[in-house]
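*Asks:* Quick one: sequence and predicted model below, then my questions.
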Amino acid sequence: MVKALSSGEEFDVLIIGAGATGSAAALDAAQRGLKVACIEQEDYSSGTSSRSTKLLWGGSRYLVQAFVNLLSTKLITSPVETINRFKADFKMVMNCHRERKFMLKEQPHLTKWLPIAVPFNKWLVYPPPFGFYPAIFGPLGVFPVFFKFYDALSGFTCPPSHVMTPTRSRRKFPQLANSEIKYCSVFYEGTHDDSRTNLAVAQTAAVEGACIVNYCEATALLRETPAPEGASGAGSGTGKVVGATVKDHVSGKQFDVRAKSVLLCGGPFTDELRQLEDPQCKSAINGASGIHIVLPSYFAPSNIGLVDMNTSDGRFMFFLPWKGHVLVGTTDHLCKPTMRPIADESEIKWLLHEASKYLNPELRLRRQDVLSAWAGIRPLAIDPHADSTASASRDHVVSHNPQTGVVFVSGGKWTTFREMAEDAVDKLISVTPELKQKIRSPCRTLLTHFVGYEGFSENLPARLIQNYGTSSRVAHRLARAYGGRAVDVIHIAKELADEKQAQLATQASPVAFAEDLEDSELSLEDFYSESFLGPEALLVPDYPFIEAEVVFGVRHDWVVRPEDFLARRSRLAYLNKEAAMRAIPRVVQLMARELYWDRARQSAELVRCVEFMRHFGGSKPTVRNSTMRLATRADLLDVFRKTKRPHAPGLTQDTLRLASEMLNHILTDAELEDCLQFAATFTAPVATSTGKKSAPASPVVPPAATVPAGVVPFEAFAAWWNSERLNPELKEMKQHKSANMEQMEGSGSMFG
């Protein structure tokens, strides 16, 4: 698609940003008959769209707040304003219900209903939820009635809300601290895999004719009247914006893309895009950061979630089953938008504290139970081109700059991404006369099934098991991740397995996977590991992600870099950081096979992916600015085994980098080189004259003669990691201890 993008042809619409809203806008505009180009500076959903709470909800919180505001003293002091705000909020909630219904009905391969319990262990709640004192009496029957009203807003198309008795609550949710529970009120919301949904929307846009490309960044906007020769910088030139200068981050090439209109869909980064048209533009976006943590599956049932509507600071906290794990979130505070937000340790501990209040005392919720943690930034938008700040919206904003013709859309929520896109395209057409004559039909995205719908049914997992011998876990995962395309993934798996079997039978050299594979550290023995013998070769143990998915991702799902697959196609990074780290070398190998990467490219991609993973939290707090890196032999051996390639005698420079990250420390290039030099001269401990070994032997350490150059065996790795070379404080501690011993020797017995 890059070729079509850089062809020089003029598009009707250039959309900058291919998250949920940008991809949906590309789909909508293409279906209406417009020639569409859509670019994303990184991967689809690499920003906010992959970091949500995974819910498609009807706006229950907004509905509660709307009633709280309506029934407050404001109704007396400013009745007109209060009623108008209630109408606006109620309309927003109704739109949420419409969009939720669309997703759950038309996209069954991407979504499903999830029951969510609201537990009550008191008949009166204090402090009052939402600061609304009548809500103190909510457990006496108000909340169950509210959820029935909530069902009615969607025309009772959702499963019915209901009440669970204490006995049923204990049976359904044994993890709850339910010794004093009165009852649980249960309602339903939609749930989905946000990044897979985003990708499906983008692919559907491509099917409809949109030219949509990832890893292409708009570096400048083109104007009708170019800037004088010698002028440079954002906003150079005058008149209407007629396109953008685009940089392809894969090839490094730069080219111009011209269009009759430009739509900015940058989410929390919209202001950065607007600065390309006007460096002095008034800010329209505030970022609000929220974090999520992922826990093991045993902390919640697999088929029901929980929500705390009255946390210690008044925020909602969800406790949801997600892909065989438990998702807990979220926090909320203003922040500066960044593409690499980091989950703050204090917020991780806050979520653990709040979640533990609802768990049975038998389940100890510990910091080490956190398998992954991530932060996301949602945009809070206002219209900078409106007459007054009265336009500040709790919903999304669509704004047009009359001087440049540029339209931007921001704000909103995942549930209403389609509505936001429709409003943005409507606005674009209304302010661009050249587009009106090209419109073939009105918006019809509400009637559109996204890619993956064809061939999907609730019985698809059973068909995969019966027809292909797929295991139940893998079959269910493939059906939910790929919909009807799951069969194509299985075909690739069989193709790779047949290729492996043929190679083993003939012992002939396979087709070259990379320019210099024979000279690289990625040996054929490593690539054709035993786990690749069957069609269900797993990337990592205990997770139903198969290697064929990586190949399918490169061929059909627009995977460009390893982190695209680990974070946004498989979601492994969001589920378990350590497991994702262990999978990096194998993902790089498989992608190298498809894309013919040489050794240098493979190494660069591995390093890049490792750096990307630093923005996820794990079972241990990340240690920064510390020079003490001691680890127990057991921990070192565990990490060594997890990162060493199959049949390899030790760690290479790349796997050494992975091992250090899993030990929660970041090694510099100089330290990596120092380790290799240390290993080259290292002599393993030998038996002493008493017959005892000076150190216990490792079951994974090969004889020294078998270790090639550039490889670090376990004993060398353990000795170097705990040496003074990497831990300079050890030398100071030894000197301090020696000085103390001398003082004690001169002062007599320690005990008098």
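*Replies:* Good, I have the coordinates. The shown structure was predicted, so the numbers you read here are calculated from the model rather than taken from an experiment.

*Asks:* tell me how far stretch 664-684 is from the chain's mean position?
*Replies:* Per CA atoms, centre = their mean, to the nearest Å, the displacement of stretch 664-684 from the mean C-alpha position of its chain is 32 Å.

*Asks:* The chain should start at 45 in everything you say after this.
*Replies:* In the new count, where the first residue is 45, that last one comes out as stretch 708-728.

*Asks:* what's in contact with that stretch?
*Replies:* 658, 662, 664-668, 670, 673, 694, 697, 700-701, 704, 745, 748, 751, 753-757, 759-761, 763-764, 767, 769-770 (CB atoms under 8 Å, 6 or more residues apart in numbering). To be clear about C-beta, it is placed using only N, CA and C from the backbone, and glycine gets the same treatment.

*Asks:* of those, buried ones?
*Replies:* Burial by neighbour count, 16 or more other CB atoms under 10 Å: within those this picks out 662, 666, 673, 694, 697, 700-701, 704, 745, 751, 755-757, 759-761, 763-764, 769-770.

*Asks:* just the strands in the stretch 345-494 of the chain please.
*Replies:* Taking DSSP state E, counting those that start in this stretch as the test, the strands found in the stretch 345-494 of the chain are 349-352, 361-366, 369-373, 377-379, 416-425, 441-444, 451-454.

*Asks:* What about the buried ones among the contacts of stretch 708-728, which are in helices?
*Replies:* The helices, defined by DSSP state H, take in 697, 700-701, 704, 759-761, 763-764 from the buried ones among the contacts of stretch 708-728.

*Asks:* Which residue ranges of the stretch 95-244 of the chain form strands?
*Replies:* Residue ranges of the strands in the stretch 95-244 of the chain, as given by DSSP E, counting those that start in this stretch, are 99-100, 155-164, 206-208, 227-236.

*Asks:* Please tabulate these in TSV and include mean pLDDT as additional columns.
*Replies:* Shown next, in TSV, are those (pLDDT from 0 to 100):
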stretch	mean pLDDT
strand 99-100	96
strand 155-164	95
strand 206-208	95
strand 227-236	96
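
*Asks:* Ranking these by mean neighbour count, which comes first?
*Replies:* Greatest average neighbour count among the strands of the stretch 95-244 of the chain goes to strand 99-100 (a mean of 26), per mean count of other CB atoms under 10 Å.

*Asks:* tell me the pLDDT at the closest residue to V531 other than its chain neighbours?
*Replies:* Counting by CB to CB, 6 or more residues apart in numbering, G499 is the residue found nearest to V531 once chain neighbours are left out, at 6.9 Å. Looking at G499, its pLDDT is 96.

*Asks:* G499 reaches G527, doesn't it?
*Replies:* Yes. Contact status for G499 versus G527: in contact at 7.0 Å, counting by CB atoms under 8 Å.

*Asks:* higher neighbour count, the two?
*Replies:* G527 (25 against 16; other CB atoms under 10 Å).

*Asks:* Contact partners for that one?
*Replies:* 153-154, 244, 495-500, 504.

*Asks:* ok, back up a step: point out the most buried one among the strands of the stretch 345-494 of the chain.
*Replies:* Highest mean neighbour count of these: strand 451-454, a mean of 29 (counted as mean count of other CB under 10 Å).

*Asks:* Which residues does that strand contact?
*Replies:* Contacts with strand 451-454, where a contact means CB under 8 Å, 6+ apart, come from 65, 69, 305-312, 314, 317-318, 328-329, 423, 425, 440-445, 464-465, 467-468, 471-472, 475.

*Asks:* Is it possible to get JSON lines of the strands of the stretch 95-244 of the chain that adds distance to D87?
*Replies:* Output for the strands of the stretch 95-244 of the chain, formatted as JSON lines (distance: least, CB to CB, whole Å):
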{"stretch": "strand 99-100", "distance to D87": "22"}
{"stretch": "strand 155-164", "distance to D87": "22"}
{"stretch": "strand 206-208", "distance to D87": "41"}
{"stretch": "strand 227-236", "distance to D87": "18"}
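
*Asks:* closest to Q510 out of those?
*Replies:* Evaluated with CB to CB, the strands of the stretch 95-244 of the chain place strand 155-164 nearest to Q510, the distance being 22.2 Å.

*Asks:* partners of the closest one in the sheet?
*Replies:* Strand 155-164 sits in its sheet next to strand 227-236 (antiparallel), strand 349-352 (parallel), going by DSSP bridges.
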